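Enquirer: Give the three-dimensional model of this entry:
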Amino acid sequence: MLSDTDEWVPDFVIVGPQKCATTWMYEGLAEHPEVYVPDTDSVHYFDMGYHRGTEWYRQHFPADPDEYAVIGEETPSYIRSEVTPERIAELNPDAKLLFSLRNPVDRAFSHYWHEKSKGKISFEFEELFENYDLYENWIRPGMYVDHIERFEEHFDSDQLKLLYFDDLVADDESFIESVYDFVGADPTFRPSILDERVNDARRSFGINAVDKAYYRAVNFVYRNFGESIKRPIRPLHEFVQSGDLSNPFQSESEYEKGMNPETRRRLEEIYLPKTKDLDERVDKTFEHWFEHVDY
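Expert: Now for the predicted structure:
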């Protein structure tokens, strides 16, 4: 959309957090012919790249945005930034913001193994409890109510869309329909990602890169040739999603084996107070997220 100064501004921003299906939403939006999202699913303008200026930011988007109904981006680390809400509001006070909320214990564990599978980190998961920086990066994002309240200081509540990972698992079609409807795109469009597993730490970095390249290609083909091309390229899509490009000798990972029960209990104790605050705020129970502590 255009701002009061006739300059382009984003219609929506997916603010995170990581490992809550934000990339899945990005891919679904990238397929939609009425929506434009950048080739990269983490622009980082409103946190780490703010010093680059708005002209740098706009380089991630089309020169003529009017050919799309809506334009936006996804950077899941935005939810952790203290300054991001104000910065988005300064550029577009009418922006729509999407949050995806998952069991915070599972989110932290998945985020950890996602980074470890890429070789980015080497510390043990339990070290999160003892190191402030690690706590802030891996545990703090799951304090959902704090982040929501920070954004509500700059945006009306109806500009915030709270989505739930559990709902995606139960009914991915209704989930993506609600995303399309909220951002202002045709909600009847059905992307090819439906009925496919959500990206998690079990999948290698290589297959993620293939996924992203594939979805960019799909986005281009759909916009230029229409959905008539969808059926012919479906076998390729199924092959990419099958995971056959990942290590065929990979045995069950530590991620798949699950978390130590005592570690899970400690995390549940940490997350319980803030999750109950979220419960009261959205009038929705999250009791099923807690196995080892009384809700």
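
Enquirer: How about the secondary structure of the residue lying closest to residue 127 once chain neighbours are set aside?
Expert: Of all residues not flanking residue 127 in the chain, residue 134 sits nearest, at 6.0 Å (C-beta to C-beta, 6 or more residues apart in numbering). For every residue, glycine as well, the C-beta is placed using N, CA and C. Three-state call for residue 134 (DSSP: H, G, I helix; E, B strand; the rest coil): helix.

Enquirer: residue ranges of the helices in the stretch 51-200 of the chain, please?
Expert: 54-58, 84-91, 104-117, 132-134, 144-152, 165-170, 172-183 (DSSP state H, counting those that start in this stretch).

Enquirer: Can you tell me which of these is most buried?
Expert: Ranked by mean neighbour count, the helices of the stretch 51-200 of the chain are led by helix 104-117 with a mean of 22 (mean count of other C-beta atoms under 10 Å).

Enquirer: Can you tell me which helices and strands it packs against?
Expert: Packing partners of helix 104-117 (3 or more C-beta pairs under 8 Å, 6 or more residues apart in numbering; DSSP states H and E): helix 254-257, helix 261-282.

Enquirer: what angle separates it from helix 144-152?
Expert: 90 degrees (axes from the mean of the first three to the mean of the last three C-alpha atoms, to 10 degrees).

Enquirer: Look up phi and psi at the closest residue to residue 109 other than its chain neighbours.
Expert: For residue 109, ignoring the flanking residues on the chain, the nearest one in space by C-beta to C-beta, 6+ apart is residue 259 at 5.3 Å. Note on residue 259: backbone dihedrals following degrees, to the nearest 10 are phi -90, psi 150.

Enquirer: do the same with residue 49
Expert: phi -100, psi 10.

Enquirer: is it true that residue 180 touches residue 174?
Expert: No - counting by C-beta atoms under 8 Å, residue 174 is not a contact partner of residue 180; they are 10.8 Å apart.

Enquirer: still on that earlier bit, out of the helices and strands packed on helix 104-117, which gets nearest to residue 67?
Expert: Residue 67 lies closest to helix 261-282 among the helices and strands packed on helix 104-117, at 36.2 Å (C-beta to C-beta).

Enquirer: Let me know the average pLDDT across that closest one.
Expert: The average pLDDT for helix 261-282 rounds to 96.

Enquirer: tell me what that helix is packed against?
Expert: helix 104-117, helix 144-152.

Enquirer: As a markdown table, those helices with mean pLDDT and distance to residue 19 would be great.
Expert: Output for those, formatted as a markdown table (pLDDT from 0 to 100; distance: least, C-beta to C-beta, whole Å):
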| stretch | mean pLDDT | distance to residue 19 |
| --- | --- | --- |
| helix 104-117 | 92 | 4 |
| helix 144-152 | 98 | 13 |
